[in-house]
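K.L.:
Have a look; sequence and predicted model below, questions after that.
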There are 2 protein chains.
Amino acid sequence: MSVLIVGSTALDSIKTPLAQNPRLLGGSASHAAVAASFFAPVRLVGVVGEDFPKKYLALYRKHGVDLTGLQIQPGKTFHWAGEYEVNMNNRRTLTTELGVFEKFTPHLPAPYKQSAFVLLANIAPGLQHHVLDQMNRPKFVVADTMDLWLNIALDDLLRLLRRIDGFVLNESEAHQLTQQDSLSAALRKLHRLGPKYVIIKKGSHGSVLSGPTGGFICPAYPLRKVVDPTGAGDSFVGGLMGFLSTARGGVDANIRRAMVYGSVVASFCCEGFGVNRTTRVRRRDIEQRVQELEKLTRF
Amino acid sequence: MSVLIVGSTALDSIKTPLAQNPRLLGGSASHAAVAASFFAPVRLVGVVGEDFPKKYLALYRKHGVDLTGLQIQPGKTFHWAGEYEVNMNNRRTLTTELGVFEKFTPHLPAPYKQSAFVLLANIAPGLQHHVLDQMNRPKFVVADTMDLWLNIALDDLLRLLRRIDGFVLNESEAHQLTQQDSLSAALRKLHRLGPKYVIIKKGSHGSVLSGPTGGFICPAYPLRKVVDPTGAGDSFVGGLMGFLSTARGGVDANIRRAMVYGSVVASFCCEGFGVNRTTRVRRRDIEQRVQELEKLTRF
């Protein structure tokens, strides 16, 4: 089954202590789409400008991403520039040029509206609502978010939480949104806001699921070297939804494994700038790291 | 088999946003001894003053702790007072009165010298050396430490690392000692300093082992409420060594499970002040949480 992914499609200029990489393929939907493509056909909805490099369109296509829903509009592609500190834990934004993304309205091509699995990747909650308004009874909807929306679009986000099955957010966002110090308390409060499945991302410490059939502590793959963590969270949730959409059996039977697959794709994402490393990965590389994680967590 | 535990025995006065608790039983050896006692007979080496409450001696004995090696000396017991912030992540020391601990020299009673499993709980590395000097070919020696010794006794600590089998330290200490940002790189460097087994503690994010037969990502038990995290790390390593010392088969066959048991005892430690909660735990409470962690990590 296809997975529908809606989010930002951007050009990222990323500076780390070791290198500078201008105009990489970036954005929440791009990272999630590449990650999901290892497991399922992907339908993408986003917007780019006329300056969007043809090579990135070719890259999407190489990954079997359906681009019917990608709008190419007059103007410039969303451009983000950021800089990481030595330990890769802190980043600061240098530039945000919204370009055509400023007036983005996601339009779903007719076939997309029937998608069973929907990932509302990080994007304004208002736009996430607009996608759901166009859907015809999806089976499983997951939304990601970011701290920005907690600060400037909280009401939209809270309304969204009542319309989705799964909610994915960072640990710091979970604490901010719930005003709870303990993760367990934050999870309980998040469930009360709507979603049956809540996944809290903890970066290199892995992630945690709370769902109807219990919890899951998902490990992060231990990396020797982090080159660029941009898009790791998007890759995680993209891989997760891609895996889930084609796995036999229901969501409950597969969501833990789906998180592990998402975690592994995210680990590859961190090993290169933008999607440079992720797009070179083969399915058997993913399987190998999943097996390693099985060994690393067995007791 | 008995496990020998050498470390500090103290009175802790602990302040949190919710409560104030003067003169609790504290110190690295106390927490570790209580934790280990669920799995094995414990031999304790430490020092207390004449003011040390009789009820704490009774508490040790109730837990089957051999006190032949506990020196009771004229003067006052080591007293530490500290305060935690709201989220329990940061603490500051209010008072440190070393008392009889200032001139502590660990003397091992003859039978102790034959102990196969030795835990050098957090204490000056010079004293940890002095314990090893008295031992007769122990089977498995693990040392814990703290940032203070990295700052004021680094040479002693580095010499110690060449004499022990396992080294346990916090994530921040691992980064400080190795000057490596990534955990994998830090682990590799720590092995080069001597120990075959390195365990890095990550608080509520669990812990990580690197050993001769591979690694292990050990989960932390998800707590609803942390009352007082003092001694959690000591409880972890105490539980670990207690479990290991009585498990059938070698260290490699048991160390992962030992970490999980240590992690569970540490979770109980966090649920009360000092050893208040830990000392009320029954073995079946521990088994239940271990089973929960099995479910929480299976995929």
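P.N.:
All right, it came through fine. Numbering: from 1, shown residues only, chains lettered A, B, ... in the order given.
K.L.:
When you work out contacts or count neighbours from here on, use the C-alpha atoms and nothing else.
P.N.:
OK.
K.L.:
my guess is A:Ile164 is in a helix, correct?
P.N.:
No. Applying DSSP: H, G, I helix; E, B strand; the rest coil, one finds A:Ile164 to be coil, outside a helix.
K.L.:
in the stretch 1-150 of chain A, what residue is nearest chain B?
P.N.:
A:Asn87 (5.9 Å; C-alpha to the nearest C-alpha).
K.L.:
mean confidence for stretch A:108-118?
P.N.:
Across stretch A:108-118, the average pLDDT comes to 98.
K.L.:
okay, whichever residue of the stretch 51-200 of chain A sits closest to chain B: pLDDT?
P.N.:
Residue nearest to chain B within the stretch 51-200 of chain A (C-alpha to the nearest C-alpha): A:Ser184, separated by 5.3 Å. As predicted, A:Ser184 sits at a pLDDT of 94.
K.L.:
so who does it touch?
P.N.:
B:Pro222, B:Leu223, B:Arg224 (C-alpha atoms under 8 Å, 6 or more residues apart in numbering or on different chains).
K.L.:
Just the buried positions in stretch A:74-90, please.
P.N.:
Judged by neighbour count (16 or more other C-alpha atoms under 10 Å in any protein chain shown), stretch A:74-90 contains these buried residues: A:Lys76, A:Thr77, A:Phe78, A:His79, A:Trp80, A:Ala81, A:Gly82, A:Glu83, A:Tyr84, A:Met88.
K.L.:
Now distance to A:Gly239 and pLDDT too, for those residues, in a markdown table please.
P.N.:
A markdown table is the format used below for the buried residues of stretch A:74-90 (distance: C-alpha to C-alpha, whole Å; pLDDT from 0 to 100):
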| residue | distance to A:Gly239 | pLDDT |
| --- | --- | --- |
| A:Lys76 | 29 | 98 |
| A:Thr77 | 25 | 98 |
| A:Phe78 | 24 | 98 |
| A:His79 | 24 | 97 |
| A:Trp80 | 23 | 96 |
| A:Ala81 | 25 | 96 |
| A:Gly82 | 24 | 94 |
| A:Glu83 | 26 | 94 |
| A:Tyr84 | 24 | 90 |
| A:Met88 | 22 | 74 |
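K.L.:
Return the member of those nearest to B:Ala253.
P.N.:
Nearest to B:Ala253 among the buried residues of stretch A:74-90, counting by C-alpha to C-alpha, is A:Met88 at 35.8 Å.
K.L.:
On the three-state scheme, A:Thr77 is what?
P.N.:
Per three-state DSSP, A:Thr77 ends up coil.
K.L.:
Report the beta-bridge partners for the nearest residue to it once chain neighbours are set aside.
P.N.:
In space, and not counting its chain neighbours, A:Thr77 is closest to A:Gly49: 4.2 Å by C-alpha to C-alpha, 6 or more residues apart in numbering or on different chains. In this entry, A:Gly49 is beta-bridged to A:Gln73, by DSSP bridges.
K.L.:
who's in contact with A:Gly49?
P.N.:
A:Ile72, A:Gln73, A:Pro74, A:Gly75, A:Lys76, A:Thr77, A:Phe78, A:Gly99, A:Val100.
K.L.:
Same question for A:Pro138.
P.N.:
Residues counted as contacts of A:Pro138 (C-alpha under 8 Å, 6+ apart) are A:Gln114, A:Ser115, A:Ala116, A:Phe117, A:Val118.
K.L.:
In strands, which of those residues appear?
P.N.:
Residues of the contacts of A:Pro138 located in strands (DSSP state E): A:Phe117, A:Val118.
K.L.:
What degree of burial does A:Ser30 show, as a neighbour count?
P.N.:
Using other C-alpha atoms under 10 Å in any protein chain shown, the number of residues around A:Ser30 comes to 31.
K.L.:
Helix or strand: which one has it?
P.N.:
When elements are assigned from DSSP states H and E, A:Ser30 belongs to helix A:28-36.
K.L.:
model confidence over that helix, on average?
P.N.:
Rounded mean pLDDT across helix A:28-36 is 98.
K.L.:
next one: stretch A:226-244
P.N.:
97.
K.L.:
Tell me the one of the contacts of A:Gly49 nearest B:Trp149?
P.N.:
Checking these against B:Trp149 with C-alpha to C-alpha, the nearest one is A:Phe78 at 50.3 Å.
K.L.:
Could you double-check that the closest one sits in contact with A:Val100?
P.N.:
Yes. Between A:Phe78 and A:Val100 there is a contact under C-alpha atoms under 8 Å: 6.5 Å.
K.L.:
about what we covered before: most neighbours of all the contacts of A:Pro138, which one?
P.N.:
Comparing the contacts of A:Pro138 on neighbour count, A:Val118 comes out first with 29 neighbours (neighbours: other C-alpha under 10 Å).
K.L.:
Show me which residues of the host helix or strand of the residue of the stretch 51-200 of chain A closest to chain B are buried.
P.N.:
Per DSSP H and E, A:Ser184 falls inside helix A:183-192. The neighbour-count check on helix A:183-192 (16+ other C-alpha under 10 Å) flags A:Leu183, A:Ser184, A:Ala185, A:Ala186, A:Leu187, A:Lys189, A:Leu190, A:His191 as buried.
K.L.:
what's downstream of it, the next helix or strand?
P.N.:
As the chain continues past helix A:183-192, the following element, by DSSP H and E, is strand A:197-201.
K.L.:
Give me the contact list for that following strand.
P.N.:
A:165-171, A:174, A:187, A:190-191, A:207-212, A:233.
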